[in-house]
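Participant: Please work out how this folds:
(2 chains)
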Amino acid sequence: MSTTKNNLYGILAEVRNPKELIDVAKLVDKSGYKNYDTFSPFPVHGMDKAMNLNKSKLGWIVLGHGIVGLTGAFAMIYYMMVYDYPLNISGKTLMNIPAWIPVMFELTILLSAFGAVFGMFFLNGLPKFNHPLFNSEQFKKVTDDGFFICIEAEDPQFDAEKVEKLLKNAGAQNIETIHDES
Amino acid sequence: MASNSPKLTDSVQLPSNLDATKTFYGIGAAGLIASGVGLFLNSEQFFFSYLTSFTFFTSIALASMILLMVHHITKSSWGTVLRRIPESFISKFWIWALFFIPIILGMSTLYTWTDPAYVAEDPIMLGKVPYLNEPFFIIRQLIYFGIWGYLGYKLHKVSVEMDKTNDWGLVVLLRKLSAPGILLFSLTLAFASFDWLMSLDAHWFSTMFPVYLFAMSFQAIFPIMILITFWLHNKGMLKNTITQSHIFDMGAWFFGFTVFYAYIAFSQFLLQYYANIPEETLWFYFRLEGSWAYITYTLLIGRFVIPFVLLLGRDRKHNKTLLKYTSILIIVLHFLEIHWIVMPVLHDVNFAFSWLDITTLVGLGGIFMGLFFSTFKKNNIVPTSHPTLADSLTKQYHQ
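Facilitator: This next block holds a predicted model:
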């Protein structure tokens, strides 16, 4: 058992429609599983709630980047315009903040956008060249009309027999064991 | 409608005990009579105060109008259940237009360009005579109020008619009305902002000004809709119809246009500040000297920084307590900002708040809200028959 478990990725099962997917997800969540995911060709309303997902942390990542951009821009211009190379421009003060605001705004936006895109990559574990689920032939339907749920072997209470039984009782079909062959 | 489509479960009639039409008309009449006394005591102050208050309420009606037209033309469903609120603000705009008459009567007090002796001495003003002259001013006002009055009346009437006839084909008519409506609206709003506010200081010009007035007004319309929604909820109305997701949408619009307002207001300031050309900069000079400067900084902090920080988080955009106080803040500051645009022309050194500002605000506000309630109570407070109603009712809030 232990040797097979090493490259066991998880157990994949198919359901017929989004409604069933939500029901199965609710059941799996209630049974105490943590490492599982659902797959559908389109976003399913109410899935976040069914899977009991936490709110995304992306907003905080973006906020952090934005604050760094704002203060970084201010520090940069202050260094250049007041400290390093003070220049009298049409008699205005050296601390000419209104004129700095466009740059501060742009850098805030730039870093926030970077934070949003790369933060999303980071949270999703991207870039990734392959995924064990791609080994499954039936999983190809997920971009067309297939609705899947996969309970991963990493889950602390994972037990292949119990998981299969749970999914079968929930009405899922085409239950398949997925191995990580990489 | 299919049998399994969601249905309105709330009462869609405003109960008679919530009908505040007469109260508001009473308040309005009292306010206007008090202001009328002020006309004889200090006519100059009266006209400036009246212009401030009139612009304040008109800007709310105009923001409602553009919001509705954009909603129709994009076939949106998010705001279908909220739509009767802006519709009621504009349906009797043609009556509201009559309250512009005092401004025409007070033209010679308000606008220096009406004084031939002053214009004759000033080469800049002489160049503006083809546009800034009294007959053309009055003709333009007739055009603006004609267009707005018609659009407001029609947008409301067709929408209400759909409730009665169940004829969903009328949405096409609403779209056909909105498409040219948006174009005409933008042009008339632009020229109206030039006429009413910019020409107070006829030397000054800013091409950003119409957008600035629009951004201000559009930021203020969402707080007003939010407060009316909360008032209805508080009275037990529409609790299952206007849900968390609709409140979140309004909060998101509110936040978005807080940023847009700041962007536009700052752009207008920055270009003129940086170029530093006397005829442009003078307008800001008056507002950054004396105690007007405090108002300027209050607007910067209160109208942008505070709502921006408070509403940034996702959960906060539907936090009722937070929305309530931010909304009140923005509505007060919207009035203060129009005051800040108008009044330095009269009191050019220091901030001055007159009792006439209050009486004209109360007077015109009473009439404005009275007109709102007289329409609001007569019809269903939610459109009961509309293709996007089902979508709007089932709208879900996503984490």
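Participant: Only C-alpha atoms from now on, for both contacts and neighbour counts.
Facilitator: Fine.
Participant: can you tell me how far the closest residue to B:Leu393 other than its chain neighbours sits from chain A?
Facilitator: Spatially, and ignoring its direct neighbours in sequence, B:Leu393 is nearest to B:Thr241 (6.2 Å; CA to CA, 6 or more residues apart in numbering or on different chains). Applying CA to the nearest CA, to the nearest Å, the value for B:Thr241 to chain A is 19 Å.
Participant: where does B:Thr241 land in three-state SS?
Facilitator: With DSSP: H, G, I helix; E, B strand; the rest coil as the basis, B:Thr241 sits in coil.
Participant: how many neighbours does B:Pro135 have?
Facilitator: B:Pro135 has 9 neighbours, counted by other CA atoms under 10 Å in any protein chain shown.
Participant: just the one 3 residues further on next, same as before
Facilitator: Using other CA under 10 Å as the criterion, B:Ile138 is surrounded by 12 other residues.
Participant: In terms of pLDDT, where does the closest residue to it other than its chain neighbours sit?
Facilitator: The shortest distance from B:Ile138 to any non-neighbouring residue, by CA to CA, 6+ apart, is to B:Ile104 (7.4 Å). What the model reports as pLDDT for B:Ile104 is 92.
Participant: could you dump the helix or strand B:Ile104 falls within to CSV, C-alpha only?
Facilitator: Under the criterion of DSSP states H and E, B:Ile104 resides in helix B:101-105. Provided in CSV are the C-alpha atoms of helix B:101-105 (Å, rounded to 0.1, in the frame of the first residue of the first chain):
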residue,chain,number,x,y,z
ILE,B,101,-36.9,81.2,-13.7
PRO,B,102,-35.5,83.0,-10.7
ILE,B,103,-32.0,82.5,-12.0
ILE,B,104,-33.0,84.1,-15.3
LEU,B,105,-34.6,87.0,-13.4
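Participant: Which strands and helices lie in contact with that helix?
Facilitator: Judged by 3 or more CA pairs under 8 Å, 6 or more residues apart in numbering or on different chains; DSSP states H and E, the packing partners of helix B:101-105 are helix B:43-73.
Participant: who are the neighbours of the helix it packs on, in terms of helices and strands?
Facilitator: helix B:21-41, helix B:84-90, helix B:101-105, helix B:107-110, helix B:170-196, helix B:209-234, helix B:320-342, helix B:355-376.
Participant: which one of those is the most hemmed in?
Facilitator: Mean neighbour count (mean count of other CA atoms under 10 Å in any protein chain shown) peaks for helix B:84-90 among those, with a mean of 26.
Participant: re earlier: is it possible to get TSV of the helices and strands packed on helix B:43-73 that adds distance to B:Phe284?
Facilitator: Below are the helices and strands packed on helix B:43-73 laid out as TSV (distance: least, CA to CA, whole Å):
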stretch	distance to B:Phe284
helix B:21-41	29
helix B:84-90	33
helix B:101-105	25
helix B:107-110	19
helix B:170-196	17
helix B:209-234	13
helix B:320-342	10
helix B:355-376	22
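Participant: Quick one: closest of these to A:Leu87.
Facilitator: helix B:209-234 (31.8 Å; CA to CA).
Participant: Report the next helix or strand after the closest one in sequence order.
Facilitator: helix B:244-275.
Participant: where's that following helix relative to the chain centroid, distance-wise?
Facilitator: 15 Å (CA atoms, centre = their mean, to the nearest Å).
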